[in-house]
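Enquirer: no sequence for this one, just the structure:
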Ligand SMILES: O=C(O)CCC(=O)C(=O)O
């Protein structure tokens, strides 16, 4: 009884809005963009792709400045939706990351939880934050994204996530679409039995599949009732009918994979649990986008310091 009341309450858009009323600092980033595009909303209002239905469809990909020397990389990325940077980080860099993560876990400040994820380690370590803000990397990300890339989230993994194939745009949605970019850093050599990351080159050119595509729009008051499994099932069908080929990222320590906001990717099953599968993901929003979470129809909470 109490549980079903709690579930019903959580599905109410009003519940999130009340919570967000007290989050002005983390939500104000959307306000100038609402004003610029003429979207009549408060900082705490629910938001989803339906709000942009009457707006011109835009994609970030072809806009923005390309830094000198990055033209080929940008063309490859636009065509394929990913880019591999072999041994981008040195062994000492990676040893440093692993040592920082161990320190955070030992201190009890954060731990690996659901799907072997340790969230926001960058908030506990200047060293990790500096890895994400590495100037050489930032130049590449800004050029690929077509805007300044704002690092807003990190996820560390000790074992494979085994997460089903998805596009990050269902979790971190933007207007215009495509205002997100992610990096995945191999923190050790990763073999076939360690649940490598997989991705589908070219899948970023498929439509952005959002709430409307699996009847999860909800109503004026309530969020959609479809579970995340329904989204995963839809994506499984889209992949099957696309004919796209899956690639496993057989990464070496220090390699980086960059992916586009709409690239289908996920984690393979880890058949050998005696081994670890250490990796780090960082997600970056484009500075001049509206950022939100499609499923819960909430504006994205972003620490103001991320924009500095
Ligand atoms: O590393 C993995 O296994 C999957 C990571 C992922 O899908 C993500 O962070 O979006």
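Expert: Structure's in. What do you need? Keep in mind it's a predicted model, so treat the numbers as computed, not measured.
Enquirer: which strands or helices does the longest helix along the chain pack on?
Expert: The longest helix of the chain (DSSP state H) is helix 91-107. Where contact means 3 or more Cβ pairs under 8 Å, 6 or more residues apart in numbering; DSSP states H and E, helix 91-107 is packed against strand 117-119, helix 126-132, strand 180-186. For glycine as for every other residue, the C-beta is placed from the backbone atoms N, C-alpha and C.
Enquirer: ok, and what's touching the second one?
Expert: Helix 126-132 is touched from outside by 89, 93, 96-97, 100-101, 121-123, 151, 154, 185, 280, 282, with contacts defined as Cβ atoms under 8 Å, 6 or more residues apart in numbering.
Enquirer: can you put these in JSON lines and add neighbour count and pLDDT?
Expert: Formatted as JSON lines, these follow (neighbours: other Cβ atoms under 10 Å; pLDDT from 0 to 100):
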{"residue": "89", "neighbour count": "22", "pLDDT": "98"}
{"residue": "93", "neighbour count": "15", "pLDDT": "98"}
{"residue": "96", "neighbour count": "17", "pLDDT": "98"}
{"residue": "97", "neighbour count": "22", "pLDDT": "98"}
{"residue": "100", "neighbour count": "19", "pLDDT": "98"}
{"residue": "101", "neighbour count": "23", "pLDDT": "98"}
{"residue": "121", "neighbour count": "24", "pLDDT": "98"}
{"residue": "122", "neighbour count": "24", "pLDDT": "97"}
{"residue": "123", "neighbour count": "15", "pLDDT": "96"}
{"residue": "151", "neighbour count": "19", "pLDDT": "97"}
{"residue": "154", "neighbour count": "23", "pLDDT": "98"}
{"residue": "185", "neighbour count": "26", "pLDDT": "98"}
{"residue": "280", "neighbour count": "25", "pLDDT": "98"}
{"residue": "282", "neighbour count": "26", "pLDDT": "98"}
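Enquirer: for the closest residue to the ligand within the stretch 201-308 of the chain, grab phi and psi.
Expert: Minimum separation of the stretch 201-308 of the chain from the ligand (Cβ to the nearest ligand atom) falls at residue 267, amounting to 2.5 Å. Main-chain torsions, residue 267, degrees, to the nearest 10: phi -120, psi 130.
Enquirer: check residue 134 too.
Expert: Torsion angles, degrees, to the nearest 10, at residue 134: phi -50, psi 130.
Enquirer: what about the helices in the stretch 1-150 of the chain?
Expert: Taking DSSP state H, counting those that start in this stretch to define them, one finds helices in the stretch 1-150 of the chain at 2-10, 13-21, 24-27, 31-37, 71-80, 91-107, 126-132, 135-145.
Enquirer: go through those helices and pick out the most buried.
Expert: helix 135-145 (a mean of 19; mean count of other Cβ atoms under 10 Å).
Enquirer: and it, what does it pack against?
Expert: Packing partners of helix 135-145 (3+ Cβ pairs under 8 Å, 6+ apart): helix 71-80, strand 82-85, strand 149-157, strand 180-186, strand 256-260, strand 279-286.
Enquirer: tabulate these (a markdown table), appending distance to residue 27.
Expert: Below are those laid out as a markdown table (distance: least, Cβ to Cβ, whole Å):
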| stretch | distance to residue 27 |
| --- | --- |
| helix 71-80 | 30 |
| strand 82-85 | 31 |
| strand 149-157 | 13 |
| strand 180-186 | 17 |
| strand 256-260 | 26 |
| strand 279-286 | 13 |
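Enquirer: show me what contacts the spatially closest residue to residue 156 that is not a sequence neighbour?
Expert: Nearest non-adjacent residue to residue 156, counting by Cβ to Cβ, 6 or more residues apart in numbering: residue 118, 4.3 Å away. By Cβ under 8 Å, 6+ apart, residue 118 lies in contact with 101, 104-105, 110-112, 155-158.
Enquirer: up against the ligand, what does this structure have?
Expert: 155, 157, 160-161, 163, 168, 197, 265-267, 279, 281 (Cβ under 6 Å from any ligand atom).
Enquirer: since that was my last question, I'll sign off now.
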